[in-house]
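A.B. asks: A structural model of the following input is requested.
(one chain, ligands or ions: 2)
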Amino acid sequence: MKTLILIDIQYDFLPGGALEVKEGDQIIPVVNKIIKEFDLFVATQDWHPKDHKSFASNHSGKKEFDKIILRDQDQILWPDHCIQNSKGAEFHKDLDLTNVEAIIRKGMDTEIDSYSGFYDNGHLKSTGLAGFLRERDAVELYFCGLAADICVYFSIKDALKEGFKCYMIEDATKPWNPDDYNKVKSELKEKGCGFLLSEDL
Ligand code: VGL
Ligand code: ZN
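C.D. replies: Numbers count the residues shown, from 1 in each chain. Ligands and ions are numbered 1, 2, ... in the order given. Coordinates of the predicted model:
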């Protein structure tokens, strides 16, 4: 079972969005082209209530990108983004989601952030994604989406821990911070994640 996991391709992470990833929109045609190579297709969606504690706007005296501790975890305070039912939380209209079998929503608990599609940042609660994938006999997971250095990175780290073979499709992801991406890439490589281009699928 060759499985594609699409992380957070939502307007707020695309150019013009609240937490935009530079050139993030360039991955959309790549993703649409590779979908047919996979037996199973799953997507995640960042889906915050507006009073979410990862938003700087919900902490008086704090500003965007300040760092705090939230539920014992380091937390960057983000601009308001991916608010439930807002335009910014929608998947890009050009993304072909016809064959997506499950959409896993995350970040709904106001008290803790959830970068990974598998667990919240404190590993307190599972989203059920690992169980779904096991029940569907998924073995090899191919990751793409946004942002490479944040939600894609944390999702791959959890997937490796869960025992899945993981790959990052490098031309189907973009980092929020390109410097962090280099660190993240060598760490994931060391942990056993493969890196490839869409043309190598
Ligand atoms: C993300 C920051 C906050 C992401 C989500 O999808 O990479 N980053 N929430
Ligand atoms: Zn978020």
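A.B. asks: For this structure, which segments are assigned as strands?
C.D. replies: In order along the chain, the chain carries the following strands (DSSP state E): 2-7, 40-46, 67-70, 73-76, 102-106, 140-146, 165-174, 194-196.
A.B. asks: what inclination does the longest one have with respect to strand 140-146?
C.D. replies: Inter-element angle recorded for strand 165-174 and strand 140-146: 20 degrees (by axes from the mean of the first three to the mean of the last three CA atoms, to 10 degrees).
A.B. asks: Describe which strands strand 165-174 pairs with in its sheet and in which direction.
C.D. replies: The pairing partners recorded for strand 165-174 under DSSP bridges are strand 140-146 (parallel), strand 194-196 (parallel).
A.B. asks: now the second one
C.D. replies: Note on strand 40-46: by DSSP bridges, its sheet partners are strand 2-7 (parallel), strand 102-106 (parallel).
A.B. asks: Not counting that strand itself, show me its contacts.
C.D. replies: By CB atoms under 8 Å, 6 or more residues apart in numbering, the surrounding residues in contact with strand 40-46 are 1-10, 12-13, 35, 81-82, 89, 91, 97, 99-107, 114, 117, 129, 132-133, 136, 138, 145, 151, 155. Heads up, the C-betas are built off the backbone N, CA and C, glycines and all.
A.B. asks: swap in the last one?
C.D. replies: Residues external to strand 194-196 that are found in contact with it (CB under 8 Å, 6+ apart): Lys165, Cys166, Tyr167, Met168, Ile169, Glu170, Lys185, Leu188, Lys189.
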